[in-house]
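Asker: just to be clear, the model below is a prediction. Sequence and coordinates:
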Amino acid sequence: MPEARTETTGKWAWWPARHAAKVAETKAGGAEIIFLGDSLTQGWETAGKAAWEKHFAPRKAANYGSGGDSTHHVLWRVKNGEFDGASPKAIVLLIGTNNARHGDFTPEQIAAGIRAILDALAEKAPRAKVLLLGILPRGPDAADPWRRKCEAVNALLPALADGQRVHHLNVNAKLLAADGTLTKEIAPDLLHLSTKGYAILADALEPKLAELLAAP
């Protein structure tokens, strides 16, 4: 179910204001790519800023990431103004890691939440191509329980793509060492990417995103 954060004090007090800012940004128009998700998307504004300025800012990209979001928060945002009247050529969706870590969501429930977001985007921005990313790796290695849950979700995501409106891309191998470990050079807290991590991610997104933007 869609769910907003309504706290006016404490950890999430900033969330309603960011949502309102994104609604206003949509009304202003002009975005050709919208990146949608949680802190991994919002991080393009900080650690990922250099890669963003190089790859995406010239393409009129907008960042609709909000730290801490799970699928139900993103669904609420899509349904409550952030995409009303939006007409991007492409949407990059990365969501699910917070569902995996917080709460008792099963992989199937998380995938269903992602499907609900895709359905809402189809209603709000029907002409946009959606690039659905696999949940990025977290934890030190493949034995990490949260990574294992994320990978179980990732196994379900290709079925959500039709290759026409929704396209799936998993770039995780590019972020991991040869032995499958996630190093602190790439993700200092073994979740959020470093500047180098974002540079790798941007390079990995570039070919597919260019293809989608060139499509009629």
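Answerer: Cool, the structure landed.
Asker: which residue ranges of this protein form helices?
Answerer: Along the chain, counting by DSSP state H, helices occupy 15-28, 39-42, 49-55, 71-77, 97-101, 107-124, 145-154, 172-175, 195-214.
Asker: so what secondary structure elements neighbour the second one?
Answerer: Helices and strands touching helix 39-42, as assessed by 3 or more Cβ pairs under 8 Å, 6 or more residues apart in numbering; DSSP states H and E, comprise strand 61-65, strand 90-94. C-betas here are computed from N, CA, C, even on glycine.
Asker: what does the third one give?
Answerer: For helix 49-55, the helices and strands in contact under the criterion 3+ Cβ pairs under 8 Å, 6+ apart are helix 195-214.
Asker: could I get the CA-only coordinates of the helix it packs on as CSV?
Answerer: What follows is helix 195-214 as a C-alpha-only set of coordinates in CSV (Å, rounded to 0.1, in the frame of the first residue of the first chain):
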residue,chain,number,x,y,z
THR,A,195,32.4,8.7,-5.6
LYS,A,196,34.2,5.8,-7.4
GLY,A,197,31.2,3.6,-7.0
TYR,A,198,28.9,6.1,-8.6
ALA,A,199,31.4,6.6,-11.4
ILE,A,200,31.3,2.8,-12.1
LEU,A,201,27.5,2.9,-11.9
ALA,A,202,27.2,5.8,-14.3
ASP,A,203,29.4,4.0,-16.8
ALA,A,204,27.4,0.9,-16.5
LEU,A,205,24.1,2.8,-17.1
GLU,A,206,25.4,4.8,-20.0
PRO,A,207,24.9,2.3,-22.9
LYS,A,208,21.4,1.2,-22.0
LEU,A,209,20.2,4.7,-21.1
ALA,A,210,21.5,6.1,-24.4
GLU,A,211,19.7,3.3,-26.2
LEU,A,212,16.4,4.1,-24.5
LEU,A,213,16.7,7.8,-25.1
ALA,A,214,17.4,7.2,-28.8
